[in-house]
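**Student:** no sequence for this one, just the structure:
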């Protein structure tokens, strides 16, 4: 566990060192690969977080999904039960700052999306292995949500976030793909 915490800390430090220009260039490359990727093109219902400052910027990706007529679901976390649901948003005005400073859907203005409706889930993380395992932010929400989902799972990451090895625990659920500034990586297992 300490090893994961240390890896998370080191990678977050590395992410904070990216210049604004580097980050924007990487974000554009990642988005370009994403939009050309068949699972994105075929997906009607997409689950995605509103990124924090060190993550690949998802605001333009959400806007692109809306332009393409896709349904966008953003996670709503319940810190008491450590569970989450995805809720439909049609505007950024339907979000509020909530759990851990994340922008989450306002429940009264949004409706829940059933797990079976999701076609593509874009999973956040701090670092990843080529096999799709990840170190997230330590809450375990996605590891509890993902087992049994039929949707394609992918992460958006800078190429340097893909590392050789991370500690893997029994409850960790890998993603199927990682989309980086260098292309789409299939996480073969």
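**Tutor:** Okay, I see it. Here the structure is a predicted model, which means the values were calculated and not measured. Residues are numbered from 1 along each chain as shown.
**Student:** what's the local residue count around the nearest residue to residue 115 once chain neighbours are set aside?
**Tutor:** With Cβ to Cβ, 6 or more residues apart in numbering as the criterion, residue 115 has its nearest non-adjacent residue at 5.5 Å, and that residue is residue 149. Using the backbone N, CA and C atoms, a C-beta is placed for each residue, glycine as well. Around residue 149 there are 14 other residues, counting by other Cβ atoms under 10 Å.
**Student:** and stretch 107-123, average pLDDT?
**Tutor:** Stretch 107-123 comes out with an average pLDDT of 97.
**Student:** for stretch 67-83, same thing?
**Tutor:** 95.
**Student:** tell me how far it lies from the chain's centre.
**Tutor:** Averaged C-alpha coordinates place stretch 67-83 at 11 Å from its chain's average position (Cα atoms, centre = their mean, to the nearest Å).
**Student:** could you do stretch 11-26 as well?
**Tutor:** Put simply, stretch 11-26 sits 17 Å off its chain's centre (Cα atoms, centre = their mean).
**Student:** could you do stretch 30-40 as well?
**Tutor:** Relative to its parent chain, stretch 30-40 has a centroid offset of 14 Å by Cα atoms, centre = their mean.
**Student:** pLDDT on that stretch, on average?
**Tutor:** 98.
**Student:** any chance you could list what contacts it?
**Tutor:** Where contact means Cβ atoms under 8 Å, 6 or more residues apart in numbering, the residues beyond stretch 30-40 that reach it are 41, 46, 56, 60-61, 64, 119-120, 152, 154, 156-158, 177, 179-181, 183-184.
**Student:** return the set of buried residues in that stretch.
**Tutor:** Buried residues in stretch 30-40, counted by 16 or more other Cβ atoms under 10 Å: 30-31, 33-34, 37, 39-40.
**Student:** which ones among the residues you listed map onto helices?
**Tutor:** Among these, DSSP state H puts 30-31, 33-34, 39-40 in helices.
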